[in-house]
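Peer 1: have a look at this prediction, sequence included:
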2 protein chains.
Amino acid sequence: MSAPRRSFTRDDPETRRAALIGAALDLMAEDGPQAATVRAIADAAGLSQGMIRHYFSTKEELINAAYQAHMEAQLTATRASLPADGTAMARLARIITVSLTPPVSDPRTLSLWAAFIHMIRRDPAMRATHERNYLRFRDLLESLIVAACAESGRPVSKEEARRLAIACNAVLDGLWLEGGALPEAFAPGELEQIGMTSVSAILGLTLDCEAT
Amino acid sequence: MSAPRRSFTRDDPETRRAALIGAALDLMAEDGPQAATVRAIADAAGLSQGMIRHYFSTKEELINAAYQAHMEAQLTATRASLPADGTAMARLARIITVSLTPPVSDPRTLSLWAAFIHMIRRDPAMRATHERNYLRFRDLLESLIVAACAESGRPVSKEEARRLAIACNAVLDGLWLEGGALPEAFAPGELEQIGMTSVSAILGLTLDCEAT
DNA sequence: CCGCTAATCATACGATTGTATAATTTCTCG
DNA sequence: CGAGAAATTATACAATCGTATGATTAGCGG
């Protein structure tokens, strides 16, 4: 006589995949990549460990899907937060704020990014995903920069736009990195303010910190 | 009748520790933290796996020592590359170049940093090591900024110096990160040039790219 | 309402992990 | 030059890893 097998309900494959992906991301963000074992992931998703290989042909495939989902969500959230109307300057200011506040900028996101770096370096598919999303964000930033500069009567050349986008992106990345690694080393709002004035200085503009 | 045990020579404890640390760093940089198993580390160091627990009370202690050694080496190398004489502006320009070229800025270093980041978050000892080294570099940068600004007749307040140091450090970190993650996405010397002009813009100075 | 299919659970398996311990070799010192 | 201490190797061990497989149950079509 053995213990009864626990009951369960069937669910949509898409829902199950999303649950597994979410659990994997949570574990990697919280305790690093080595914490995301098949048992821990299944447990966190409230499923048995067999489900991972039922919905993904291998654990690595699940991790790849998780990375893709994470990057997609970040970029989509950033895009959605930008006001459709208003000045280009306001939109530029807004993307700076969004990039330097949770959920884009926080220890969890930084930890997650670090967890994926090695896979990015080795796996060509993940590398392609990374490059695509990085360039998409930088292009978005570059378009905002070009528009903001034009708005204030300072048109920039193509090469200059590229350099400015790389520079401003670096400021955001650097502040994002430092804020994520040492959250309490900075006063609330300090990183956003520094980001705002630094981008202003680099572009030769005056961004309003109050801009939404 | 069994195979003869392989011969060995005794060595200085410091040399052995350095060999194990170096092997651990190599493995983590190349294939990620999960590749740095006790067997792989000992193998790469040309020793048997027992040596790890003979020289370190646990594997985690070895990893901590490796992180400390890595950070120390980076900061020391950066410091050593700065000219003792010359203008403060030249020294500032120099630290930008050093921070954005190998061996400080390359995929290996980025990979290594990523491997350590989640340990930094969880382990208080590693967190302290990180915070100490990060602030030491930022203080160095800040002192150079203050000196360079004073040199050009623009004294800065204490609070302004802190903000400028954070901003310039962010530029360097961001370019370091992007260059490490996508090395071939940038032309040779491009990141250094962008770093130089960005820092110049943030500080309101004119740094010479030719400065040694 | 019943049986069939597939989703789900449970468990097993070999490989690998960090750690512990025993067996050996090297070197130092009287 | 020979014995004792320390360094080093080799092996064992329990835990855990990703994967594989078989048993069971939920939900749907007849």
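Peer 2: Noted; the coordinates are in hand.
Peer 1: what distance do you get for the residue most central in space within chain A to residue A:29?
Peer 2: Ranked by distance to the mean C-alpha position of chain A (Cα atoms, centre = their mean), the top residue is residue A:74 at 4.0 Å. In this view, residue A:74 and residue A:29 are 13 Å apart by Cβ to Cβ, to the nearest Å. C-betas here are computed from N, CA, C, even on glycine.
Peer 1: what strand or helix carries residue A:127?
Peer 2: Using DSSP states H and E, residue A:127 sits in helix A:124-151.
Peer 1: give me the contact status of that helix with chain B.
Peer 2: Yes: using Cβ under 8 Å from any Cβ of the partner chain, we find that helix A:124-151 touches chain B at A:130-131, A:134-135.
Peer 1: residue A:40 is in contact with residue A:52, correct?
Peer 2: No: with contact defined as Cβ atoms under 8 Å, residue A:52 and residue A:40 do not form a contacting pair (10.7 Å).
Peer 1: which one's more surrounded, the two?
Peer 2: When neighbours are counted by other Cβ atoms under 10 Å in any protein chain shown, residue A:52 and residue A:40 differ, and residue A:52 comes out ahead with 24 against 17.
Peer 1: quick check, pLDDT for that one.
Peer 2: The model reports residue A:52 with a pLDDT of 97.
Peer 1: got it, and the one 3 residues further on?
Peer 2: Confidence at residue A:55, expressed as pLDDT, is 97.
Peer 1: separation between it and residue A:65?
Peer 2: Separation of residue A:55 from residue A:65 (Cβ to Cβ) stands at 9 Å.
Peer 1: need the overlap of contacts for the two.
Peer 2: Residues touching both residue A:55 and residue A:65 by Cβ atoms under 8 Å, 6 or more residues apart in numbering or on different chains: residue A:17.
Peer 1: next SSE after the helix holding residue A:127?
Peer 2: Following helix A:124-151 in sequence order, the next helix or strand is helix A:158-181 (DSSP H and E).
Peer 1: helices and strands around that following helix, which ones?
Peer 2: helix A:88-99, helix A:107-122, helix A:124-151, helix A:190-203, helix B:124-151, helix B:158-181, helix B:190-203 (3 or more Cβ pairs under 8 Å, 6 or more residues apart in numbering or on different chains; DSSP states H and E).
Peer 1: flag every buried residue along the fourth one.
Peer 2: Judged by neighbour count using 16 or more other Cβ atoms under 10 Å in any protein chain shown, the buried positions of helix A:190-203 are A:190-203.
Peer 1: does any part of it sit near chain B?
Peer 2: Yes: residues of helix A:190-203 contacting chain B under Cβ under 8 Å from any Cβ: A:190-191, A:193-195, A:197-198, A:201-202.
Peer 1: what's the angle between the helix holding residue A:127 and helix A:88-99?
Peer 2: Counting by axes from the mean of the first three to the mean of the last three Cα atoms, to 10 degrees, helix A:124-151 lies at 140 degrees to helix A:88-99.
Peer 1: gap between helix A:124-151 and the chain center?
Peer 2: Centroid separation between helix A:124-151 and its chain, computed with Cα atoms, centre = their mean, to the nearest Å, is 13 Å.
Peer 1: and if you look at stretch A:87-107?
Peer 2: Chain-centre distance of stretch A:87-107: 12 Å, with Cα atoms, centre = their mean.
Peer 1: so which of the helices and strands packed on helix A:158-181 is nearest residue B:78?
Peer 2: Residue B:78 sits nearest to helix B:124-151 of all the helices and strands packed on helix A:158-181, at 7.2 Å, using Cβ to Cβ.
Peer 1: elements contacting that closest one?
Peer 2: For helix B:124-151, the packing partners by 3+ Cβ pairs under 8 Å, 6+ apart come out as helix A:158-181, helix B:59-81, helix B:88-99, helix B:107-122, helix B:158-181, helix B:190-203.
Peer 1: can you tell me which of these the model trusts least?
Peer 2: Here those differ in mean pLDDT, and the lowest is helix B:107-122 at a mean of 90.
Peer 1: hang on, residue A:97 packs against residue A:189?
Peer 2: No: counting by Cβ under 8 Å, residue A:97 sits too far from residue A:189 to count as a contact (9.6 Å).
Peer 1: tell me which of those two has more neighbours.
Peer 2: A direct count of neighbours by other Cβ under 10 Å for residue A:97 and residue A:189 places residue A:97 higher, at 20 against 12.
Peer 1: which residues touch the nearest residue to that one once chain neighbours are set aside?
Peer 2: Nearest residue to residue A:97, sequence neighbours excluded (Cβ to Cβ, 6 or more residues apart in numbering or on different chains): residue A:192, at 5.5 Å. When contacts are counted by Cβ under 8 Å, 6+ apart, residue A:192 touches A:96-97, A:100-101, A:209.
Peer 1: perfect, that will be all.
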